[in-house]
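Asker: need a 3D model of the sequence below.
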Amino acid sequence: MENLHRTTFRFLITLTIICFCCGSGFASPDQAKVSELIQGLRSSNRFERDMVVNELIKIGSPALPQLIASLNDSDHQVQEFAAGILGNIEDKTAVPSLLKALQENPSRRYAVVWALGKIKDERAIPYIIEEFRHEEASVRKTAMRAIIIIGTPAIPYLLDKIDDPDVKMRSMVITLFGEMGVESAEERVIKALDDKDPTVVEAACRSLGHIGSTRSVNPLTLKVREASWRIRINAINSLGLIGDHTPVPLLEKTINDSRFIVREWSARALENITGNRYLYLNEKNEMVHPYNMYR
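Answerer: Numbers count the residues shown, from 1 in each chain. Now for the predicted structure:
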């Protein structure tokens with residue numbers, strides 16, 4: 001999966017690290033103390049704010065009413081951290097409120113989506129998947145991450161969307177089958193190799209590298225002959241990952257492709273399949289061995 005934007009997800013990383021440090025016991029709080037702590041989420045001092053987050057996660061479910069109310073706070077930072085804390089507490093009673101917040105289009109939407117994934121309540125799965133259509137990449141990527149966290153219960157919902165009219169939806173669903181290692185989706189992903197949109201075809205090629213068997217070799221071999229170099233390198237990459245020897249003669253031809261990136265991935269795939277090192281002509285017109293990114 002693509003690297004998530006560092007600035008967008010800094011708060012998620014912070015919350016996750018803090019969650020591991022919290023321990024499992026929750027204290028019985030004074031609600032006035034909870035209110036005071038929530039006010040501390042407004043702090044511009046990261047150390048102070050992290051301490052507040054730590055304390056609220058320790059308190060756990062008793063802090064839910066005020067955290068849920070904070071999802072509508074006028075301060076977007078408070079909204080964001082309240083959602084993240086709810087996710088780390090993992091109390092399913094917060095799910096209806098988080099879904100309601102999602103419908104109200106919060107400014108830090110990705111935080112609500114992430115929280116729903118962290119809680120792992122099946123009720124939220126269709127709503128998270130719908131976020132694949134969102135115009136903001138940060139929201140879409142967080143939704144993918146949330147579905148990966150939820151895991152197997154999301155698979156039937158994803159299968160229902162593999163033929164969706166929305167290109168983003170099809171592409172992200174197919175990508176997730178690869179990220180999640182859903183081998184049972186192989187035939188559906190092979191079918192997606194014939195999609196009219198090249199981004200969907202690229203996603204299908206990539207996914208088959210993770211979930212494909214020898215059944216995927218011939219369909220991927222056909223994609224190596226595509227005009228689009230992006231499709232070619234994704235198909236070549238996946239053939240290298242599958243490791244079947246059938247496409248070796250073809251890859252020994254594409255190692256001389258007009259694009260150096262195709263030549264590089266051909267050499268890499270051939271090494272992975274055969275165990276032998278292959279030279280290719282790089283962008284500087286030098287014959288070199290590729291760095292093996294499979295390892």
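
Asker: spell out the residue ranges of the strands in the protein.
Answerer: 280-281, 287-288 (DSSP state E).

Asker: tell me which of those strands is the most buried.
Answerer: The highest mean neighbour count among these, using mean count of other Cβ atoms under 10 Å, belongs to strand 280-281: a mean of 19. Quick note: C-beta positions are derived from backbone N, CA and C, even for glycine.

Asker: contacts for that strand?
Answerer: Identification of contacts with strand 280-281 by Cβ atoms under 8 Å, 6 or more residues apart in numbering yields I255, N256, F260, R263, E264, S266, A267, M287, V288, H289, P290.

Asker: which pair of those residues spans the longest distance?
Answerer: The span of the contacts of strand 280-281, defined through Cβ to Cβ, is set by N256 and H289 at 15.8 Å.

Asker: settle it for me: which of these two has more neighbours?
Answerer: Between N256 and H289, counting by other Cβ atoms under 10 Å, H289 is the more crowded of the two (14 against 11).

Asker: state the pLDDT value of the more buried one.
Answerer: On the pLDDT scale, H289 is placed at 94.

Asker: next: G60.
Answerer: pLDDT, G60: 96.

Asker: hang on, it packs against N88?
Answerer: No. Counting by Cβ atoms under 8 Å, G60 stays clear of N88, with 9.3 Å between them.

Asker: settle it for me: which of these two has more neighbours?
Answerer: A direct count of neighbours by other Cβ under 10 Å for G60 and N88 places N88 higher, at 23 against 20.

Asker: state the distance from that one to L251.
Answerer: N88 sits 47 Å away from L251, going by Cβ to Cβ, to the nearest Å.

Asker: just for this protein, where's the confidence low?
Answerer: Applying pLDDT under 70 to the chain flags residues 1-29, 293-295.

Asker: work out the gap between stretch 143-153 and the centre of the chain.
Answerer: 8 Å (Cα atoms, centre = their mean, to the nearest Å).

Asker: pull the residues that contact it.
Answerer: 1, 4, 113-114, 116-118, 120, 122, 124-125, 128-129, 131-132, 134, 154, 158, 172, 175-176, 179-180.

Asker: if we go by neighbour counts, what in it is buried?
Answerer: For stretch 143-153, the neighbour count (16 or more other Cβ atoms under 10 Å) marks A143, M144, R145, A146, I147, I149, I150 as buried.

Asker: make a markdown table from these and add distance to A204 to it.
Answerer: As requested, those are exported to a markdown table (distance: Cβ to Cβ, whole Å):
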| residue | distance to A204 |
| --- | --- |
| A143 | 20 |
| M144 | 16 |
| R145 | 21 |
| A146 | 22 |
| I147 | 18 |
| I149 | 23 |
| I150 | 22 |
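
Asker: so which of those belong to helices?
Answerer: Counting by DSSP state H, the part of the buried residues of stretch 143-153 found in helices is A143, M144, R145, A146, I147, I149, I150.

Asker: output stretch 266-274 as PDB, restricted to C-alpha atoms.
Answerer: This file holds the C-alpha atoms of stretch 266-274, laid out as PDB (Å, rounded to 0.1, in the frame of the first residue of the first chain):
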ATOM      1  CA  SER A 266      12.100  -7.700 -16.000                       C
ATOM      2  CA  ALA A 267      15.700  -8.300 -14.700                       C
ATOM      3  CA  ARG A 268      14.400  -8.300 -11.200                       C
ATOM      4  CA  ALA A 269      11.500 -10.700 -11.900                       C
ATOM      5  CA  LEU A 270      13.800 -13.000 -13.800                       C
ATOM      6  CA  GLU A 271      16.200 -13.200 -10.900                       C
ATOM      7  CA  ASN A 272      13.300 -13.900  -8.500                       C
ATOM      8  CA  ILE A 273      12.000 -16.700 -10.700                       C
ATOM      9  CA  THR A 274      15.200 -18.400 -11.800                       C
END
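
Asker: so what touches it?
Answerer: Applying Cβ under 8 Å, 6+ apart, the external contacts of stretch 266-274 come out as 236-237, 239-241, 243-245, 247-248, 251-252, 254-255, 257, 276-280, 289-294.
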